[in-house]
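> model this:
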Amino acid sequence: MKVIIVGGGWAGVAAAITAKKAGVDVHLFEKTDLLLGLGNVGGIMRNNGRWTAAEELIELGAGDLIEITDRTSRHRNIEFPGHKHASLYDVNIIEGEVRSYLEEMGINIYMESRVVDVELEKSKIKGIYLSDGKYIDGDVFIETTGTTGPMGNCLRYGNGCSMCILRCPSFGPRLSISERCGVRDIQGERGEDELGAFSGSCKLAKESLSEEIIEKLDKEGVVLLRVPEEDINYDKLQQKVCQQYALKEFAENIVLLDTGHAKLMTSYYPLEKLRKIKGLEKAKYVDPYAGSKGNSIRYLSVAQRTNDMKVKGVDNLFCAGEKSGLFVGHTEAICTGSLAGHNAVRLMMGIPLLILPASIAIGDLIAYTNEMESTREGRKDRYTFAGSKYFARMKEQGLYTLDKEEIKNRIAKLNLTNVFAQKLV
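Okay, the predicted model is just below:
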């Protein structure tokens, strides 16, 4: 039995892990030379409701990637505006750690392998075609291609190619597997008639900052610097993917987090204005390189799915990560990927697919996001355990907790303890 995963971001690697644990042959195809995609410039874990979701993953038997991000965290239990008990993993070492883990599990990884088409027979995928002409057959397929790129989308809906970590000019544009199968994708919206949203942060070379800022970042993990009155721009907050960070404090201050580089919590910021701020006189962008001008545009290719992560209209295609909804964040991608990988094996085995109940945070987020995407207003929001509307809902529903024993009992009452670690084949 053979599972094919297209896309090697956090969702793709999570799907690979749970599918492998279930006992099948797993083949993961990534078009760039790095796994984790935007995870190479992210770094924030366990903030707000993501703490609860991380512990749910552990109890469900899919805590592998949580353990790696915990182990590689430079800072734990830190606070910054609107966020508590966050961990910041080191973006400079995370990819190598994850790749080694997948290789040790015996997962087949194909780097710089861009999928360009599928062979579809009636409503079932038979195989995929790579850009070099190779054909790969499979039994069940999982799409985790994300929603960023190609370059034309960043030009049309943003400020042009910002030369981000995804490097479309070098490795080719993202391709929608679901649309290749004839299923129309959903697009996220902003404003009146605008589509997509800007990625929410940039990276500065930490070495380019003042010694005082470097020392504080190394020690505390967070630095706030006041933005000059004339440069405060509240309107820019509404353009961001990461609405959990669209608080006025992020317009009034430069918020820096230590993730190996200095994570600048704004979509983009003119370098000349940035260098007016004390300690940033020699600041330099490392991602995206055009951080003065813009950032990548996301949420332009979301598959229509059911709550078991299966794509509607295709018999053997699942989706996860941003491809599966207007989700924001690594934790969210790991949650959806873990479910997709597990259910791919269930489908091959002919046993009922798992839908996580709404009585746990992961199950509620998956179902709620699916429901909201059916309305135009819902498509204007982004959904994350870490803030904005969904974190408010999470608290209202009594799902947010820092009590590990309570989380353990919730999962146990549902008979789902270690369900993602079960060998099915």
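
> quick one, phi psi at residue 287?
phi -170, psi 130 (degrees, to the nearest 10).

> how close does residue 174 sit to residue 149?
4 Å (CB to CB, to the nearest Å). Backbone N, C-alpha and C define where each C-beta goes, glycine included.

> low-confidence ranges, the stretch 51-200 of the chain, go.
Applying pLDDT under 70 to the stretch 51-200 of the chain flags the ranges 192.

> which parts of it are strands?
Using DSSP state E, counting those that start in this stretch, the strands of the stretch 51-200 of the chain run over 73-80, 83-89, 108-110, 115-121, 124-130, 135-137, 140-143, 189-190, 194-195, 197-198.

> show me what contacts residue 44?
For residue 44, the contact set (CB atoms under 8 Å, 6 or more residues apart in numbering) comprises 86-88, 257, 259, 263, 329-330, 386.

> turn those into JSON lines, including neighbour count.
Shown next, in JSON lines, are these (neighbours: other CB atoms under 10 Å):
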{"residue": "86", "neighbour count": "24"}
{"residue": "87", "neighbour count": "23"}
{"residue": "88", "neighbour count": "27"}
{"residue": "257", "neighbour count": "23"}
{"residue": "259", "neighbour count": "25"}
{"residue": "263", "neighbour count": "26"}
{"residue": "329", "neighbour count": "28"}
{"residue": "330", "neighbour count": "27"}
{"residue": "386", "neighbour count": "27"}
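
> out of those residues, which one sits closest to residue 65?
Residue 65 lies nearest to residue 330 out of the contacts of residue 44, by CB to CB, at 8.3 Å.

> looks like the closest one contacts residue 42 (just checking).
Yes. Contact between residue 330 and residue 42 holds when scored by CB atoms under 8 Å: they sit 5.6 Å apart.

> where along the stretch 51-200 of the chain do the helices fall?
64-71, 94-105, 151-157, 168-171, 177-180 (DSSP state H, counting those that start in this stretch).

> now do the stretch 301-425 of the chain
Under DSSP H, counting those that start in this stretch, the stretch 301-425 of the chain gives helices at 330-349, 361-372, 376-379, 388-396, 404-413.

> flag every buried residue along the shortest one.
Buried residues in helix 376-379, counting neighbours by 16 or more other CB atoms under 10 Å, are found at 378-379.

> of the contacts of residue 44, which pair is most distant in space?
Largest pairwise distance in the contacts of residue 44, by CB to CB, is 15.2 Å, between 259 and 386.

> picking that back up, reformat the helices of the stretch 301-425 of the chain as CSV; add mean pLDDT.
Below are the helices of the stretch 301-425 of the chain laid out as CSV (pLDDT from 0 to 100):
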stretch, mean pLDDT
helix 330-349, 98
helix 361-372, 97
helix 376-379, 87
helix 388-396, 94
helix 404-413, 98
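
> which of those is buried the deepest?
Highest mean neighbour count among these (mean count of other CB atoms under 10 Å): helix 330-349, with a mean of 28.

> still on that earlier bit, counting neighbours, go ahead and name the busier of residue 174 and residue 149.
residue 149 (26 against 21; other CB atoms under 10 Å).

> and the gap between the closest residue to residue 408 other than its chain neighbours and residue 398?
Leaving aside its sequence neighbours, residue 408 sits nearest to residue 59 (CB to CB, 6 or more residues apart in numbering; 5.5 Å). When distance is defined by CB to CB, residue 59 is 17 Å away from residue 398.

> comparing those two, which residue is more hemmed in?
Neighbour totals were compared for residue 59 and residue 398, and residue 59 leads with 22 against 8 (other CB under 10 Å).
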